[in-house]
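Q: I need the structure of the sequence given here:
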Amino acid sequence: MVSGDAPQAEGSVRVDVWIWSVRLTKTRAQAAAACRAGHVKVGGDRAKPAQALRVGDEVRLRHAGRDRVVVVSKIVKKRVGPPVAVECFVDHSPPPPPREIAIQVPVRDRGAGRPTKRDRREMERLQGRSPES
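A: I've put the predicted structure just below:
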């Protein structure tokens, strides 16, 4: 087995590289952007893209409208397949919200124009938000 193909058990790796390698984000650029925006925390502190990550670190990631909480169990420096990626971390994430709750988007009839103040207040009441004073 070649060492480049398998996960590595020692050392450290950049946070953005590891997040991309274990398929928590689709691209490395997305992983780096999430770090720069403050959506990645390692051990409770905001992480920069180049921060070193070691085995046992807890990584919190907010990506695609979902919070992920994972503990690093293996260090990988190259992107790996899904079966290998699952072995590289222990997932402590809360379950994703049901699809019907996540997709609730108010829809207006085509050509209805902008909502009136009355329409806006009714939409806010239905969504459970209090009207702003």
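
Q: What is the burial count for the nearest residue to Thr27 once chain neighbours are set aside?
A: Leaving aside its chain neighbours, Thr27 sits nearest to Trp20 (6.7 Å; criterion: Cβ to Cβ, 6 or more residues apart in numbering). Yep, even glycine has a C-beta here, placed from its N, CA and C like the rest. Trp20: 21 surrounding residues under other Cβ atoms under 10 Å.

Q: contacting residues around Trp20?
A: Thr27, Arg28, Gln30, Ala31, Arg79 (Cβ atoms under 8 Å, 6 or more residues apart in numbering).

Q: let's see 10 Å
A: Arg14, Lys26, Thr27, Arg28, Ala29, Gln30, Ala31, Ala32, Val76, Lys78, Arg79 (Cβ atoms under 10 Å, 6 or more residues apart in numbering).

Q: So which of those belong to strands?
A: Using DSSP state E, the members of the contacts of Trp20 that fall within strands are Arg14.

Q: quick one on the thing from earlier: what strand or helix carries the residue nearest to Thr27?
A: helix 15-21 (DSSP states H and E).

Q: repeat for Arg62
A: Per DSSP H and E: strand 58-63 holds Arg62.

Q: now Arg125
A: helix 117-127.

Q: which residues of the protein score low on pLDDT?
A: For the chain, the stretches flagged by pLDDT under 70 are 1-10, 99-106, 130-133.

Q: make it 50
A: 1-9 (pLDDT under 50).

Q: Grab the nearest non-local neighbour of Arg28.
A: That would be Trp20: by Cβ to Cβ, 6+ apart, it lies 4.2 Å from Arg28.

Q: From Val76, how far off is the one you found?
A: Distance of Trp20 to Val76, given as Cβ to Cβ, to the nearest Å: 10 Å.

Q: hey, what's Val42 bridged with?
A: Asp45, Val59 (DSSP bridges).

Q: separation between it and Glu58?
A: 7 Å.

Q: Overlap of the contact sets of these two?
A: The contact sets of Val42 and Glu58 overlap at Val72 (Cβ under 10 Å, 6+ apart).

Q: ok so, going back, max pairwise distance over the contacts of Trp20: which two?
A: For the contacts of Trp20, the farthest-apart pair by Cβ to Cβ is Ala29 and Val76; their separation is 18.1 Å.

Q: Many thanks, I have nothing further to ask.
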